[in-house]
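[1] Have a look at this prediction, sequence included:
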Amino acid sequence: MTNDVDTLATALYATTDDMLKEHPDLAPWRPPVGITPRLSDAELVTLATMQAILGYTSEAKWLRHARAHLRHLFPYLPQQPGYNKRLRKAAGLIRSVNRILATTTSLWSDDVWVVDSTPVECGRSRETVKRSELAGWAEYGYCASHSRFFRGLRLHLVRTLQGLPTAFADRGQGRRTRDPP
């Protein structure tokens, strides 16, 4: 397994690094003078992508695993708060890189896509929903799979049969479609 994970990390890093050299506008803005990050953007994207692929939902557990098994690939691994802060600032970069990586696979051009949706409740009462920041988006609806009414949004995910996300959208009073994460 180690060789497979090492190969995955190397391929992800090389692809991401080349992509960032071709499109430097994708990287988060940094002032020209200041402290250079010890973890490059390509390394950060590689770590985040591997965390998702290997199924780690906890950043702390992922960083412990990376320190124990991937230290030879990443000379510097930040602590969990620093990792989280960098991930939040690089969300657009990670989304763009994952989108580009997804479109280069044969799964992207699959003929069959599956749509799934789930309710995202934002409040139980009308007053709560009105006070919420989702006041213009949330609406009242029924979820047959949960056999209950809810106030909130419905999140839709479009993916291939193999599980590759291709698009997602939320349904409220206004409709928006976004790139997949």
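    It's in.

[2] Is Phe74 in a helix, a strand, or coil?
    coil (DSSP: H, G, I helix; E, B strand; the rest coil).

[3] Do I have it right that it meets Ala66?
    Yes - using Cβ atoms under 8 Å, Phe74 is in contact with Ala66, at 6.6 Å. For the C-beta atoms, the positions are set from N, CA and C on the backbone; glycine is no exception.

[4] Mutual contacts of the two, please.
    Leu47 (Cβ atoms under 8 Å, 6 or more residues apart in numbering).

[5] Would you mind giving the domain segments of the protein?
    Following automatic domain parsing, the chain resolves into domains at 2-103, 113-178.

[6] which stretch in these is the model least sure about?
    Among the domains of the chain, domain 113-178 has the lowest mean pLDDT, at a mean of 75.

[7] Relative to Leu73, how far out is Met50?
    Distance of Met50 to Leu73, given as Cβ to Cβ, to the nearest Å: 10 Å.

[8] I meant to write Arg67 there.
    In terms of Cβ to Cβ, Arg67 sits 11 Å off from Leu73.

[9] who has more neighbours, the two?
    Leu73 (17 against 11; other Cβ atoms under 10 Å).

[10] Spatially, which residue comes closest to that one, not counting chain neighbours?
    Ala9 (5.1 Å; Cβ to Cβ, 6 or more residues apart in numbering).

[11] Packing partners of the helix or strand harbouring that neighbour?
    Under the criterion of DSSP states H and E, Ala9 resides in helix 2-22. Counting contacts by 3 or more Cβ pairs under 8 Å, 6 or more residues apart in numbering; DSSP states H and E, helix 2-22 packs against helix 41-53, helix 91-103.

[12] among these, which is the most enclosed?
    The highest mean neighbour count among the helices and strands packed on helix 2-22, using mean count of other Cβ atoms under 10 Å, belongs to helix 41-53: a mean of 21.

[13] outside of that helix, which residues touch it?
    5, 8-9, 12-13, 16-17, 20, 27-28, 39, 59, 62, 66, 70, 74, 77, 83, 86-87, 90, 93-94, 97-98, 101.
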